[in-house]
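Colleague: Predicted model follows, preceded by the sequence.
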Amino acid sequence: AQKVTQAQTEISVVEKEDVTLDCVYETRDTTYYLFWYKQPPSGELVFLIRRNSFDEQNEISGRYSWNFQKSTSSFNFTITASQVVDSAVYFCALSWYNNNDMRFGAGTRLTVKP
Amino acid sequence: DAGVIQSPRHEVTEMGQEVTLRCKPISGHNSLFWYRQTMMRGLELLIYFNNNVPIDDSGMPEDRFSAKMPNASFSTLKIQPSEPRDSAVYFCASSPRQGNEQFFGPGTRLTVL
């Protein structure tokens, strides 16, 4: 199976808390790509990060960080010191080498309360 | 730089009518995608094009749906005849090449009464 599982349907935190969004994927391919997208209440889908299967280095971008572990087929996303503007639905996605098909997880709705 | 442009942003129509959604990808991108988003089914890939050629339309729900890409800067998704269950947000996305991130348009919210 080629799929993405985001087990957390909804998460609610208070501003300034850290929060981790989980993403587990399944694929038969050895070359693949993982993505995170943000969908704020306005509805557009905003690209956050792309990671290929050969690059397991963790990445940090400001308050955002991503932990990619092939051993557990996970690509988790952490927001440090969350802010109200982080409230959105976050999608993890998977695609494959030489194939433009992209499978999205069901999304995790994050609510950050002031 | 302009992102992916979709029109209309909102469409309300009656069952049985023809609906045409339009998309202009980012200049220089050679892959274009049409998605549908609903609460029940989440984000579904309907069809994608590489260099204006349809590659995979297995996600198109039925024959009432058709998509075209007559040139590198324009694509349409047509539903004829429309049904209430087609109500959803339809996104168009483009990508510079395979394996790269896709950039999404603002979406078209379709309501079929």
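Modeller: That came in fine, so what should we check first?

Colleague: what does chain B have sitting close to chain A?
Modeller: Chain B comes close to chain A at residues B:31, B:33, B:42-43, B:45, B:48, B:50, B:55-56, B:89, B:91, B:93, B:95, B:98-107, B:109, as judged by CB under 8 Å from any CB of the partner chain. Glycine gets a C-beta too; all of them are placed from N, C-alpha and C.

Colleague: let's see 10 Å
Modeller: B:3-4, B:9, B:31-33, B:35, B:37, B:41-45, B:48-50, B:55-56, B:58-59, B:89, B:91, B:93, B:95, B:97-107, B:109 (CB under 10 Å from any CB of the partner chain).

Colleague: Make a PyMOL selection of the buried ones in these.
Modeller: A single PyMOL command selects the buried members of these (16 or more other CB atoms under 10 Å in any protein chain shown):
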select buried, chain B and resi 4+31+32+33+35+37+42+43+44+45+48+49+50+55+56+59+89+91+93+95+98+99+100+101+102+103+104+105+106+107+109
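
Colleague: need the contact list for A:Val46.
Modeller: Neighbour list for A:Val46: A:Trp36, A:Tyr37, A:Lys38, A:Gln39, A:Pro40, A:Ala88, A:Tyr90, B:Phe103, B:Phe104 [criterion: CB atoms under 10 Å, 6 or more residues apart in numbering or on different chains].

Colleague: Who does it form a beta bridge with?
Modeller: Beta-bridge partners for A:Val46, by DSSP bridges, are A:Lys38.

Colleague: Just the pLDDT at it, thanks.
Modeller: Looking at A:Val46, its pLDDT stands at 94.

Colleague: ditto for B:Asn50
Modeller: 90.

Colleague: That one contacts B:Ser95, doesn't it?
Modeller: Yes - at 9.4 Å, B:Asn50 and B:Ser95 qualify as touching, with contact defined as CB atoms under 10 Å.

Colleague: where do the contact lists of the two overlap?
Modeller: A:Asn100, B:Asn30, B:Ser31, B:Leu32.

Colleague: List just the nearest of the residues you listed to A:Val14.
Modeller: Of all these, A:Val14 sits closest to A:Asn100, with 39.7 Å by CB to CB.

Colleague: helix, strand or coil for that closest one?
Modeller: At A:Asn100 the chain is in strand, as set by DSSP: H, G, I helix; E, B strand; the rest coil.

Colleague: Contact partners for it?
Modeller: B:31-33, B:45, B:48-50, B:55-56, B:95, B:97-100, B:102.

Colleague: cool, and B:Ala67?
Modeller: Contacts of B:Ala67 (CB under 10 Å, 6+ apart): B:21, B:23, B:32, B:34, B:46-49, B:54, B:57, B:60, B:75-78, B:92.

Colleague: cutoff 7 Å now
Modeller: Neighbour list for B:Ala67: B:Trp34, B:Ile47, B:Pro54, B:Ser75, B:Thr76, B:Leu77 [criterion: CB atoms under 7 Å, 6 or more residues apart in numbering or on different chains].

Colleague: possible to save those as TSV with secondary structure and neighbour count?
Modeller: Shown next, in TSV, are the contacts of B:Ala67 (DSSP: H, G, I helix; E, B strand; the rest coil; neighbours: other CB atoms under 10 Å in any protein chain shown):
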residue	secondary structure	neighbour count
B:Trp34	strand	25
B:Ile47	strand	22
B:Pro54	strand	16
B:Ser75	strand	25
B:Thr76	strand	15
B:Leu77	strand	24
